[in-house]
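K.L.:
coords please:
(2 chains)
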Amino acid sequence: MELISATMTKNCNNDYKMKFSLEDEFPDLSLHNNHMAKVLSKDIYNKLRAKSTPSGFTLDDCIQTGVDNPGHPFIMTVGCVAGDEESYEVFKELFDPIISDRHGGYKPTDKHVTDLNWENLKGGDDIDPNYVLSSRVRTGRSIKGITLPPHNSRGERRAVEKLSIEALNSLDGEFKGKYYPLKDMTDKEQEQLIADHFLFDKPVSPLLLAAGMARDWPDGRGIWHNDNKTFLVWVNEEDHLRVISMQQGGNMKEVFKRFCTGLQKIEDVFKKHNHGFMWNEHIGFVLTCPSNLGTGLRGGVHVKLPKLSTHAKFEEILTRLRLQKRGTGGVDTASVGGVFDISNADRLGSSEVAQVQLVVDGVKLMVEMEKKLEKGESIDGMIPAQK
Amino acid sequence: MCNLHLNKGIHTSAAFRCILTNSTICPFFTWRVLFWFCRITMAGSFARILSSKRKVGILSLVGAGSLTVGFFMNREQHVSAGAHVRRIYPPSAEYPDLRKHNNCMASHMTPAIYAKLCDKSTPNGYTLDEAIQTGVDNPGHPFIKTVGMVAGDEESYEVFADIFNPVIKERHNGYHPCTMKHPTDLDSSKIRGGQFDDKYVLSSRVRTGRSIRGLSLPPACTRAERREVERVVVDALGGLRGDLTGKYFSLTQLTDQEQQQLIDDHFLFDKPVSPLLTCAGMARDWPDARGIWHNNEKTFLVWINEEDHTRVISMEKGGNMKRVFERFCRGLQEVERLIQEKGWEFMWNERLGYILTCPSNLGTGLRAGVHVTLPRLSKDPRFSKILDNLRLQKRGTGGVDTAAVGNTFDISNLDRLGQSEVQLVQTVIDGVAYLIECEKRLEKGQDIKIPAPISQFK
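P.N.:
Model (predicted):
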């Protein structure tokens, strides 16, 4: 798609809204429990409400999802999204404290290190396959110069798709694969993608719908995977790209190597078109949801820990190892048959290598603990210090 | 949700016209500018805020006669009233993929219309993409043809007339918005008959909607505008007396007991779940500034800030449709009088009648209906044809898209635009009388006749 002109217009609707008073426009957040609601004061709202990013994204656009979804008493959702790269700058007063709350006190002056050199990972190829069923690393990427899913137009979304297809079709070797646009999928292809657990569907979560991410579905959306079914890319779902490397068994090193190599190859193609990935040295890779800033990486395994998971110190062990657990259906699901999804808890403030290292080391330790418990022995001596 | 379907659309008083001019050379825009001229003189900060925005129009009005006429006759100027929309890609790159779509918007949208309108916005900043988003996101059902677009404000129907007009024409069975006029008549004394045997008619109901001029509609309104709608309407309803005396229940402050009572009365409406509504942005900020008002007798009900600024419903058990409509008209006219006292008015024009969010509710926005038991007639193969010719539609007693239960049907008017409230209610009354006659004849073993089709535009 050629850029016809980059005429930026004043955001007419926001100008109209400025005629109303702060009091009348300020959202009622009295019953809310999300990061945005905790941070948004009338002062901050007043400072930021007149602003908009060059592409026309406003404060109200950022926070709409948090206003519409008060949250859960136990799960703390973020409650705001970015509409473009500039959102994080223009609405700093809102995003900085939210980023700090969500990412363990990360300061506006902190710098984030990116390390996608898989060779820096130690071990990861020696976890007992009797316990680890599968390994997976995922992240997201945004394409510079194009606005994000809450805000992008159909033209922009199609541009993301076009660029992505070109980049992905250029891959060869173990990365050779095929793109399946959601719009024109045959029934047979759809069934196969479902059977492979690759297919993503139109979002139903009100968190995403309220942020406008499902507009024009399924226009511009699709799934790409390599012939080996070990490298998968989602186009225009919650982010421009979601990249996933995975395989059966516990060889996280191989998974991570494929992840890093594939990402690098894709990025090279985008850069050739002057559309590299959104990144800066403060928040790393820029994604739609503040929770995914930094590495945007979730590296994890499906591991059998029936005894350890019922141990009194299980939660504490996870916290100290900087890991989190989920059921095998993903976030908010319960575990089945003692099998857990164990992954890194951090995203921002540590590198990809560091985060995957924590997973590799932590899971290895937990498998050792499980074996001890099987033999009826105590694991008290193995409880790790806080990482 | 059942409630949503039972309580749809409201009707309001017919008496109001443009008090300052009846000029036939002044199109829709003139009337609005004159409205703002009045608003300037009102106290209230809100009036001042809005009036300052309209100064351009006011000064033009005050200017030389012929120039004024020229200004208002030039609709192109009005169409470009809003700022240009952000455009990075050409219209062809932005055109939605409507190949699998079956709704009115998709049937009439073309690349040419899209290209013409895509960089325009209303004065408040509402755009074409926003208007059609719901139709793009909801391709429709092969059997039910949805409208597929909404208005964000009164001006939407003007600025995007090139797409709204054909959609309106299709949805309203051939009504030509450019050439025809819509009659408004809320004089319930003109109704003949309308008191049915309770043996057949279990309940009677009339509903419509009303929008407050000067405030954006639910797809586009800001929190401040929505709260202003609530203030204006609740204030007016507080002035109702006699059998219309009632109480307001804000959705943000409902006690459990109040909530249960409203559910038991079938009055409570919930956050919309239909993607037709959520994709149009109507559920934003829920439940801020939403609420339910009803009179103590529970026969007159107003929903605030659901699908429209207001939905007004008059109802009662039994077959006295005449009384239901009388109360409906009286209540609406009284509410209108009360908001006018404070310098407000309903959105209305002679081309489209009462302006509501969905084009399907333009004109009268009126659905007058009864729950009627017709065990024999409903099984007669001629039933559907009889209804068609009487310009009536049937629904199950749960409302639109529900099935009938035990031979009881919801029978209501098919049309909304192009006939007045009195005409439509009379159509329902005459039609239901005919249906009951048929039922009685079948009871006695006599034969029935399919009536001649009644004319649509009277």
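K.L.:
only C-alpha atoms for contact and neighbour calcs from this point on.
P.N.:
OK.
K.L.:
residues near residue B:187, how many?
P.N.:
17 (other Cα atoms under 10 Å in any protein chain shown).
K.L.:
right, and it touches residue B:329 too?
P.N.:
Yes - the criterion here is Cα atoms under 8 Å, and residue B:187 meets it with residue B:329 at 7.1 Å.
K.L.:
OK, contacts around the residue of the stretch 201-350 of chain A found nearest chain B?
P.N.:
Residue nearest to chain B within the stretch 201-350 of chain A: residue A:216 (5.1 Å; Cα to the nearest Cα). Applying Cα atoms under 8 Å, 6 or more residues apart in numbering or on different chains to residue A:216 gives the contacts A:154, B:96, B:133, B:136-137.
K.L.:
just residue A:226 next, same as before
P.N.:
Counting by Cα under 8 Å, 6+ apart, residue A:226 has contacts A:174-178, A:232.
K.L.:
What residues are bridge-paired with it?
P.N.:
Beta-bridge partners of residue A:226, counted by DSSP bridges, are residue A:177.
K.L.:
Surely residue B:177 and residue B:168 touch.
P.N.:
Yes - if you go by Cα under 8 Å, residue B:177 and residue B:168 touch, sitting 7.3 Å apart.
K.L.:
can you list the residues that contact the lengthiest helix in chain A?
P.N.:
Ranked by residue count and defined by DSSP state H, the top helix of chain A is helix A:352-374. Here helix A:352-374 makes contact (Cα under 8 Å, 6+ apart) with A:114-118, A:120-124, A:127-128, A:131, A:252, A:295, A:297, A:299-300, A:305-308, A:321-323, A:342-344, A:346-347, A:378-379, A:382.
K.L.:
quick one: average pLDDT of that helix?
P.N.:
The pLDDT scores in helix A:352-374 average 97.
K.L.:
residues near the closest residue to residue B:196 other than its chain neighbours, how many?
P.N.:
Distance criterion Cα to Cα, 6 or more residues apart in numbering or on different chains; nearest residue to residue B:196, sequence neighbours excluded, is residue B:319 at 4.4 Å. Using other Cα under 10 Å, residue B:319 is surrounded by 23 other residues.
K.L.:
Residue B:195 is in contact with residue B:319, correct?
P.N.:
Yes - using Cα under 8 Å, residue B:319 is in contact with residue B:195, at 5.6 Å.
K.L.:
picking up where we left off before, just the buried ones from the contacts of residue A:226?
P.N.:
A:175, A:177-178, A:232 (16 or more other Cα atoms under 10 Å in any protein chain shown).
K.L.:
low pLDDT regions in the stretch 251-400 of chain B?
P.N.:
Across the stretch 251-400 of chain B, residues meeting the criterion (pLDDT under 70) sit at B:398-400.
K.L.:
interface residues of chain B facing chain A?
P.N.:
Applying Cα under 8 Å from any Cα of the partner chain, we find that chain B lies next to chain A at B:49, B:82-90, B:93-97, B:123-126, B:133, B:136-137, B:222-224, B:227, B:279, B:284-286, B:288.
K.L.:
Would you mind checking these for buried ones?
P.N.:
In those, burial by neighbour count holds for B:82-90, B:93-96, B:123-126, B:133, B:136-137, B:222-224, B:227, B:279, B:284-286, B:288, counting by 16+ other Cα under 10 Å.
K.L.:
Pull the distance from the lowest-mean-pLDDT helix or strand in chain A to the chain's centre.
P.N.:
Ranking every helix and strand in chain A by mean pLDDT, DSSP states H and E puts helix A:12-17 at the bottom, with a mean of 86. With Cα atoms, centre = their mean, to the nearest Å as the basis, helix A:12-17 stands 32 Å off its chain's centre.
K.L.:
near chain B at all, that helix?
P.N.:
Yes - using Cα under 8 Å from any Cα, helix A:12-17 comes into contact with chain B via A:12-14, A:16-17.
K.L.:
What's the mean pLDDT across the host helix or strand of residue A:208?
P.N.:
Per DSSP states H and E: residue A:208 is located in helix A:206-209. Averaging pLDDT along helix A:206-209 yields 93.
K.L.:
List of residues touching it?
P.N.:
By Cα under 8 Å, 6+ apart, the residues outside helix A:206-209 that reach it are A:65-66, A:69, A:79, A:203, A:214, A:238.
K.L.:
ok, residue B:454 touching residue B:391?
P.N.:
Yes - applying Cα under 8 Å as the test, residue B:454 and residue B:391 come out as touching, 7.1 Å apart.
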